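Enquirer: Give me a 3D structure for the following:
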Amino acid sequence: QQQQQPQYGPFDEAEEEGDGEEQEEANDGLTEEQAARLLPEFLNLRSAIYQKAGSFIALNQARPQFLLELFGLLQHLNSDYLRQRTLLAVKDLLQSVLVDDAPPQQQQQ
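Expert: Just a heads-up that it's a prediction; the model follows:
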């Protein structure tokens with residue numbers, strides 16, 4: 001039995017199938033030149049990306065519906081603007097939760 005390699009997304013080293021239009025869509029609208037410039041950066045970070053994704057999935061494996069819904073929504077983040085807004089919104093949410101859950105500070109006299 002041969003172990004199957006995981007799919008790594010638009011920069012996957014697998015053979016390209018389909019026409020150029022499908023490939024451009026898979027590369028998030030990037031030109032081949034732009035995708036080629038980003039490939040080394042992605043390859044350097046790929047291991048960390050998949051480790052963090054795997055850890056998040058493992059942490060939430062008891063909540064499969066949450067994971068399905070979250071990853072389904074994340075697939076709609078198709079522009080840098082939406083991705084940046086999402087990161088900021090999540091950071092703001094976490095900051096407010098951490099502040100709300102923090103123990104009251106002792107009053108200094």
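
Enquirer: buried ones in the one helix or strand Arg37 maps to?
Expert: Using DSSP states H and E, Arg37 falls within helix 32-59. By neighbour count on 16 or more other Cβ atoms under 10 Å, the buried set for helix 32-59 is Ala35. Placement of C-beta: from N, CA and C, glycine included.

Enquirer: For that helix, what does the pLDDT average out to?
Expert: Mean pLDDT, computed over helix 32-59, is 88.

Enquirer: Mind giving me the packing neighbours of that helix?
Expert: In terms of contacts (3 or more Cβ pairs under 8 Å, 6 or more residues apart in numbering; DSSP states H and E), helix 32-59 is packed against no helix or strand at all.

Enquirer: angle of the helix or strand that that helix is followed by against helix 32-59?
Expert: Using DSSP H and E, the helix or strand that follows helix 32-59 in sequence is helix 64-74. Counting by axes from the mean of the first three to the mean of the last three Cα atoms, to 10 degrees, helix 64-74 lies at 160 degrees to helix 32-59.

Enquirer: contacts for helix 64-74?
Expert: Outside helix 64-74, the residues within contact range by Cβ atoms under 8 Å, 6 or more residues apart in numbering are 57, 60-61, 86.

Enquirer: got it, and stretch 80-87?
Expert: Residues contacting stretch 80-87 (Cβ under 8 Å, 6+ apart): 74, 76-77.

Enquirer: 6 Å instead?
Expert: Leu77 (Cβ atoms under 6 Å, 6 or more residues apart in numbering).
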